[in-house]
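K.L.:
Here is a sequence with its predicted model. Questions after.
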Amino acid sequence: MKSKNNNRLQLGKVNFLLLALAAILLIVGYFIMSLNEIVISPILLAIVYVIIIPFALLYQPKQQ
C-alpha cells in the first residue's frame, strides 16, 4: 500500500511564520482600505495574495 503522506503539503515552522505574516499584512491592508486609501492598500493586498501566500505554501527548506 502506498503512503498517503506523499501528496500532502509538509508545512514547517517557516511556512507557518510566513502565513502569519501574510495574515497580518492582509489585516493591515484591509484596515488601510477602510481609511479610503486607494493606492497603497490594493498594492499591498495584491502582493500578499499573489506572492507571499503562494511562497509560504510552496517553500521547502533545503535538506542538509
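P.N.:
Alright, I've got the coordinates. Residues are numbered from 1 along each chain as shown.
K.L.:
mind checking the longest helix of the chain?
P.N.:
helix 13-34 (DSSP state H).
K.L.:
what about that one, distance to the chain center?
P.N.:
7 Å (Cα atoms, centre = their mean, to the nearest Å).
K.L.:
Repeat that for stretch 41-54.
P.N.:
With Cα atoms, centre = their mean as the basis, the mean position of stretch 41-54 lies at 8 Å from the chain mean.
K.L.:
swap in stretch 11-27?
P.N.:
So, by Cα atoms, centre = their mean, the centroid of stretch 11-27 is 5 Å from its chain's centroid.
K.L.:
Give me the mean pLDDT for that stretch.
P.N.:
What stretch 11-27 shows for mean pLDDT is 95.
K.L.:
what's the answer for stretch 55-64, then?
P.N.:
85.
K.L.:
Not counting its own residues, what contacts that stretch?
P.N.:
Under the criterion Cβ atoms under 8 Å, 6 or more residues apart in numbering, residues Leu9, Gln10, Leu11, Gly12, Val14, Asn15, Leu18, Leu19, Leu21, Ala22 lie in contact with stretch 55-64. To be clear about C-beta, it is placed using only N, CA and C from the backbone, and glycine gets the same treatment.
K.L.:
and the residues you listed, which are buried?
P.N.:
Neighbour counting by 16 or more other Cβ atoms under 10 Å classes Asn15, Leu18, Leu19, Ala22 among the contacts of stretch 55-64 as buried.
K.L.:
Many thanks, I have nothing further to ask.
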